[in-house]
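S.K.: What follows is a predicted protein model with its sequence.
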Amino acid sequence: MFSTLSERLTSVLRGLSGRGVLTEDAVKEGLREIRRVLLEADVSFELTREFVRRVQEKAVGQEITKSVSPGNQLVKIVHDELVHLLGSESKPLTHGSVPPSVILMVGLQGSGKTTTSAKLAARLKKEHKAPLLVAADVSRPAAETQLRQLGQRIDVEVFGAENRPDLSNNVVSLVREAVSHARSARARTLIVDTAGRLQIDQALMDELVAVKDAVQAHETLLVADGMTGQDAVKIAAGFHKSVGITGVVLTKLDGDARGGAALSIHGVTGAPIKFIGVGEQLEALQVFDPQRMAGRILQKGDIVGLVEKATESVRQEDAEQLAKKALSSKGMDLEDFLVAMKQIQKLGPLKGVLGMLPGVNAKMLKKAQVDDNRLRHLEAIVLSMTPQERRRPDVLNGSRRARISRGCGRPVSEVNSLLKQFTQMKKMMKSFGQLGMRAVR
């Protein structure tokens with residue numbers, strides 16, 4: 001996400017380094033390119049002009065301290081203004097003092113509203129907010145069926161027209177009944193998947209306003225497709241004017257989104273971006289943090305996000321046990337290696353994980369040829385071994401390796417390469433363990 005924007009912005013800022021003072025001419029030269037980059041990223045003209053004005057105002061004439069290069073000082077100014085443009089700080093969901101808290105999910109068809117409702121339910125369930133999903137889209141065929149299937153996957157109850165067929169043509173009464181059911185079921189949050197349209201129309205807005213007023217929603221979240229650029233901003237402005245949105249969820253930001261929607265939507269509507277969808281998995285919903293997003297755009301990484309992802313995906317006891325064994329005198333075996341592979345896969349696509357490291361850009365990822373299938377191939381090779389072979393890789397002679405190759409469908413050369421890399425890694429970890437013991441003594 002934002003790969004082109006990120007590369008071009010950092011390239012411009014690197015070009016401004018090496019100066020003792022940021023002169024007006026030098027800053028204007030760089031800002032002309034930044035303006036071009038932002039406009040090409042689909043950021044609105046008005047916001048781009050205001051962004052450039054604020055950066056120029058803060059940068060021109062600033063003296064550079066000996067410890068900070070001009071480029072780095074300008075990066076700091078641009079970073080701070082990006083944070084401001086993105087909403088300054090993350091905004092948590094509003095919950096009422098008396099449950100259930102009602103969250104309306106609104107948006108056009110195709111934005112990923114139903115899937116995002118399930119993703120949000122999965123997240124709130126982890127936070128012990130006891131969610132209940134409501135299938136309030138009675139106009140789209142199979143909408144309730146889709147939501148029920150997603151609800152089963154995350155073990156969250158879904159209330160809809162199947163529960164009350166007599167209310168299938170009365171969305172307002174259906175949602176009111178869902179609130180009553182949530183109280184009796186002791187649900188703390190109610191996520192209402194409302195109807196969408198191919199485009200904004202008055203009938204849709206009237207229905208949403210009626211539902212919102214009937215249940216006194218605590219949040220009205222617009223689900224907007226991040227791939228649509230400025231169209232997403234126009235859609236957000238339309239929904240905000242008619243319904244009054246309290247936040248935005250931007251979806252499909254794991255694709256080739258140029259970033260214009262994310263950089264414009266808060267400035268145009270005043271509504272904060274609360275979550276972003278970064279994958280198809282039901283766990284792929286992240287809290288939007290302007291500080292961290294600005295850091296990722298300027299290739300400063302998102303170590304906090306990476307740590308959070310690891311904490312959510314991998315149990316601390318498992319990680320500690322694996323690290324302890326790897327650093328022991330005996331070292332890890334291929335069964336431990338298999339466990340490590342599975343833990344890495346839980347973090348999500350490798351490109352997304354590596355992209356959160358400082359200094360890593362899209363060009364580097366492409367050059368490194370990051371391939372998630374490679375992990376699956378390694379896993380297949382290890383799974384084709386017997387338990388004894390995993391525990392004692394030294395018994396793997398030529399005939400055994402050929403059998404493993406046939407079993408996993410990978411060439412013998414890949415089996416040999418895996419075993420060689422594993423041996424090297426084991427030696428390295430063993431030496432780390434010995435150094436640690438000496439340090440303790």
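M.R.: Noted; the coordinates are in hand. Numbering: from 1, shown residues only.
S.K.: Please make it C-alpha for all contacts and neighbour counts, starting now.
M.R.: Fine.
S.K.: Report the separation between the residue lying closest to Ile273 once chain neighbours are set aside and Ala237.
M.R.: Take Ile273 and drop its neighbours on the chain: the residue closest to it by CA to CA, 6 or more residues apart in numbering is Val248, 4.5 Å away. To Ala237, Val248 is 11 Å away according to CA to CA, to the nearest Å.
S.K.: can you check Lys274 too?
M.R.: Counting by CA to CA, the separation of Lys274 from Ala237 is 16 Å.
S.K.: What of Leu120?
M.R.: Using CA to CA, we find Leu120 at a distance of 23 Å from Ala237.
S.K.: Over to Arg376?
M.R.: Distance of Arg376 to Ala237, given as CA to CA: 44 Å.
S.K.: Looking only at neighbour counts, state which of the two leads.
M.R.: Between Arg376 and Ala237, counted using other CA atoms under 10 Å, the more crowded position is Ala237 (19 against 14).
S.K.: wait, that one sits on Thr269?
M.R.: Yes. Assessed by CA atoms under 8 Å, Ala237 is found in contact with Thr269 at 5.7 Å.
S.K.: about what we covered before: what is the residue nearest to Ile273 paired to in the beta sheet?
M.R.: Leu222, Ile273 (DSSP bridges).
S.K.: ok, now which ones touch it?
M.R.: By CA atoms under 8 Å, 6 or more residues apart in numbering, the contact list for Val248 reads Leu221, Leu222, Val223, Ala224, Ala271, Pro272, Ile273, Lys274, Phe275.
S.K.: Let me have these in TSV, extended by pLDDT, neighbour count and distance to Gln286.
M.R.: Output for these, formatted as TSV (pLDDT from 0 to 100; neighbours: other CA atoms under 10 Å; distance: CA to CA, whole Å):
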residue	pLDDT	neighbour count	distance to Gln286
Leu221	95	27	15
Leu222	93	28	15
Val223	93	30	14
Ala224	88	31	15
Ala271	90	21	17
Pro272	91	24	14
Ile273	91	28	11
Lys274	94	23	9
Phe275	94	24	5
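S.K.: what would these look like in a markdown table with distance to Ile154?
M.R.: Listed next are these as a markdown table, based on distance: CA to CA, whole Å:
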| residue | distance to Ile154 |
| --- | --- |
| Leu221 | 21 |
| Leu222 | 22 |
| Val223 | 20 |
| Ala224 | 23 |
| Ala271 | 29 |
| Pro272 | 27 |
| Ile273 | 24 |
| Lys274 | 21 |
| Phe275 | 19 |
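S.K.: between those residues, which is nearest Arg186?
M.R.: Of all those, Leu221 has the smallest distance to Arg186: 22.9 Å, by CA to CA.
S.K.: got the contact list for the closest one?
M.R.: Applying CA under 8 Å, 6+ apart to Leu221 gives the contacts Ile103, Leu104, Met105, Val106, Ile245, Thr246, Gly247, Val248, Val249.
S.K.: Could you rerun that using 10 Å?
M.R.: 93, 103-107, 113, 117, 239-240, 244-249, 271-275 (CA atoms under 10 Å, 6 or more residues apart in numbering).
S.K.: residue ranges with poor pLDDT in this structure?
M.R.: 1-4, 6, 14-24, 60-72, 254-259, 299-331, 341-372, 428-441 (pLDDT under 70).
S.K.: Strands of this structure, residue ranges please.
M.R.: Ranges of strands in the chain, per DSSP state E, are 101-106, 131-136, 158-159, 189-194, 219-225, 247-251, 273-277, 285-287.
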